[in-house]
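Participant: 3D, please:
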Amino acid sequence: MAHRDYKGYGGLHYKDTSGRNDIVTCKVGVDNSNVYFYAETDQKLSPSTGNNWMLLLIDADQNSNTGWYGYDFIVNKKVIDSKTTTLLRYDAKAPGDHWVEVAKVNYRYKGNKLEVAIPRSLLKLKGNSLTFDYHWSDNPDNLIDPISLSTSGDSAPNRRFNYRCIWKK
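Facilitator: Residues are numbered from 1 along each chain as shown. Coordinates of the predicted model:
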């Protein structure tokens, strides 16, 4: 991901150096108990203490009318330490930014690889088949709306698109 520093029309100048972790690979795995998310960047990951670091947004119910523009959960909005992060659920009735902590979950990162394990029960993904969407975003300036995920930092997939996991036992 290249930083932007260009002359614009009418004397404007466009500069954006928010690109930090260029997400190049995303995978998901499912077993009877957990959903495992994996992301890989083109270079070594920045420290997990950074602002909006490697956010994972999950649309567990595939209903765009629930959650934050369809996203029911977010991971890494509040990182605890180098091995523990939080799973937050969007609740429009909650005060502040409306993200409420559901649980602490395990994650690991080393070099350019990151893994997160989330119990299926927390995401309400039960049974022998399930479908959900997910989206990675690193270093968006803010979380005003889904376009915010693509105006700064990096996003995978690009723009407002999602990856879809369809799993059958």
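
Participant: Quick check, residue 29 in contact with residue 38.
Facilitator: Yes. Contact between residue 29 and residue 38 holds when scored by Cβ atoms under 8 Å: they sit 7.5 Å apart. Where C-beta positions appear, they are placed from N, C-alpha and C, glycine not excepted.

Participant: who's the most centrally placed residue in the chain bridged to?
Facilitator: Nearest residue to the geometric centre of the chain (Cα atoms, centre = their mean): residue 56, 1.8 Å. In this entry, residue 56 is beta-bridged to residue 75, residue 136, by DSSP bridges.

Participant: From what I see, it and residue 75 are in contact.
Facilitator: Yes. Counting by Cβ under 8 Å, residue 75 is a contact partner of residue 56 at 4.0 Å.

Participant: So for these two, which residues contact both of them?
Facilitator: Contact criterion Cβ atoms under 8 Å, 6 or more residues apart in numbering; residues shared by residue 56 and residue 75: 37, 116.

Participant: Tell me which residues of the longest strand along the chain come out buried.
Facilitator: Ranked by number of residues, the top strand in the chain under DSSP state E is strand 99-110. Neighbour-count burial for strand 99-110, counted by 16 or more other Cβ atoms under 10 Å, picks out 99, 102, 105, 107, 109.

Participant: Not counting residues beside it along the chain, what's closest to residue 92?
Facilitator: Nearest residue to residue 92, sequence neighbours excluded (Cβ to Cβ, 6 or more residues apart in numbering): residue 98, at 5.7 Å.

Participant: Now for that neighbour, how many residues are close by?
Facilitator: Other residues lying near residue 98 total 14 when counted by other Cβ atoms under 10 Å.

Participant: now the end-to-end length of stretch 46-53.
Facilitator: End-to-end distance of stretch 46-53: 8 Å, with Cα to Cα, to the nearest Å as the criterion.

Participant: Show me how far it is from its chain's centre.
Facilitator: Centroid displacement of stretch 46-53 relative to its chain, using Cα atoms, centre = their mean, to the nearest Å, is 12 Å.

Participant: Mind listing what's buried along that stretch?
Facilitator: Buried-residue list, stretch 46-53, by 16+ other Cβ under 10 Å: 48, 52, 53.

Participant: measure residue 75 to residue 104 for me?
Facilitator: Going from residue 75 to residue 104 by Cβ to Cβ, to the nearest Å gives 11 Å.

Participant: Spit out the residues that contact the two alike.
Facilitator: With Cβ under 8 Å, 6+ apart as the test, residue 75 and residue 104 both reach 85, 86, 87.

Participant: Much appreciated, bye for now.
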